[in-house]
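[1] Structure here, sequence nowhere to be found:
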């Protein structure tokens, strides 16, 4: 071999080795943005937590001491209690890559059944309460069967049942509101979730808020410490792979929607306690608000990733933004604008984070 040829071969080997070293270096040392993307993919709850901290800092400057007053902070917690509970139910469904547009209607229907049976029909309140809970469970079961067995799209199913359950609300209630005084006189048990405990400094903790925390703790345990919880994540991440792994995805979906219906029925009890009355027109935006809390809380709309803690943080973020902007004198129109911008930002971040697994 000539010296020129040997030199050329040596140079080529040197270039190949240098290229391999550069490639190895790039793999071993990802960019800061890539590391951030990987971190947020592994810990999706970090995003709503950061947003909550930043929001508290901003509103403490914009609204002053009024925002940090114990009474105001406890008021925010009371305001997000219903949305937090419905958000927990919505989280379970969205983790399976579905969505439930009927959670608000199930809640109102369950409250109507409890109120009408006990106050108007004279049924013992204990029986009325159980029948109201069973109403929520049945509604969730119907959603689950239509999605898992009939294999209809969750969006279409729950859009239809939203209208059906809403029509049943009007039919059963006859468009009449049951007054708080009547409930207090005949069925005071239905108002138990409105009981208040003074914590000092003007702060008030309601039984409904305690119930929200208890439900969150139980569902967190189910998702993180039970086989059913692992099946929920697996079904949402890749249903075909979950089925091949031996998971009964049909029963998982039915179980999720049924559990969501049960949680919505509990939310109806909390709603009666918070409002005092039973109204067929209550919580008109509950469906969208629950989805908002879930999305802002970092749960992916594509399923398989999210947490209950993130949903509670998302509900608190929505409540904090509305409360803080109101204290700062911002018009209600721009409060809704801010919440809408948060939703779009949350979905955009979710899409960016999901690219790491692509």
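    Looks like it arrived, so ask away. Small disclaimer: the values here were computed from a predicted structure and weren't measured. Numbers count the residues shown, from 1 in each chain.
[2] any weak-confidence spans in the protein?
    Applying pLDDT under 70 to the chain flags residues 1-29, 41, 354-358.
[3] Please work out how many residues are found near residue 59.
    When neighbours are counted by other CB atoms under 10 Å, residue 59 registers 20. Where C-beta positions appear, they are placed from N, C-alpha and C, glycine not excepted.
[4] and the residue lying closest to it once chain neighbours are set aside, what element?
    Leaving aside its sequence neighbours, residue 59 sits nearest to residue 324 (CB to CB, 6 or more residues apart in numbering; 3.3 Å). In the assignment (DSSP states H and E), residue 324 maps to helix 308-327.
[5] Relative to the whole chain's centre, how far out is that helix?
    How far helix 308-327 lies from its chain's middle: 12 Å, per CA atoms, centre = their mean, to the nearest Å.
[6] now swap in stretch 342-354 and tell me
    On CA atoms, centre = their mean, the centre of stretch 342-354 falls 15 Å from the chain's centre.
[7] what do you get for stretch 217-237?
    Using CA atoms, centre = their mean, the offset of stretch 217-237 from its chain centre is 15 Å.
[8] before we move on, what about stretch 109-118?
    The answer for stretch 109-118 is 25 Å, by CA atoms, centre = their mean.
[9] again with stretch 99-117
    Chain-centre distance of stretch 99-117: 17 Å, with CA atoms, centre = their mean.
[10] same check, this time on stretch 294-309
    Here stretch 294-309 is found 7 Å from its chain centre; the criterion is CA atoms, centre = their mean.
[11] Between the two ends of it, how far is it?
    With CA to CA, to the nearest Å as the measure, the ends of stretch 294-309 fall 10 Å from one another.
[12] buried ones in it?
    294-301, 303-309 (16 or more other CB atoms under 10 Å).
[13] In strands only, show me those residues.
    Secondary structure assignment by DSSP state E places none of those in strands.
[14] who touches the helix or strand following the helix holding residue 324?
    Following helix 308-327 in sequence order, the next helix or strand is helix 332-354 (DSSP H and E). With contact meaning CB atoms under 8 Å, 6 or more residues apart in numbering, helix 332-354 is reached by 37, 40-41, 44, 47, 51, 292, 295-296, 298, 300-302, 317-318, 321-322, 325-326.
[15] about what we covered before: give me the buried stretch members for the helix holding residue 324, please.
    Neighbour counts over helix 308-327 (16+ other CB under 10 Å) mark 308-325, 327 as buried.
[16] ok, residue 107 - contacts?
    Contact partners of residue 107, counting by CB under 8 Å, 6+ apart, are 82, 86, 136, 264-265, 267-268, 271, 283, 286.
[17] Could you let me know which of these ends up closest to residue 173?
    residue 268 (12.8 Å; CB to CB).
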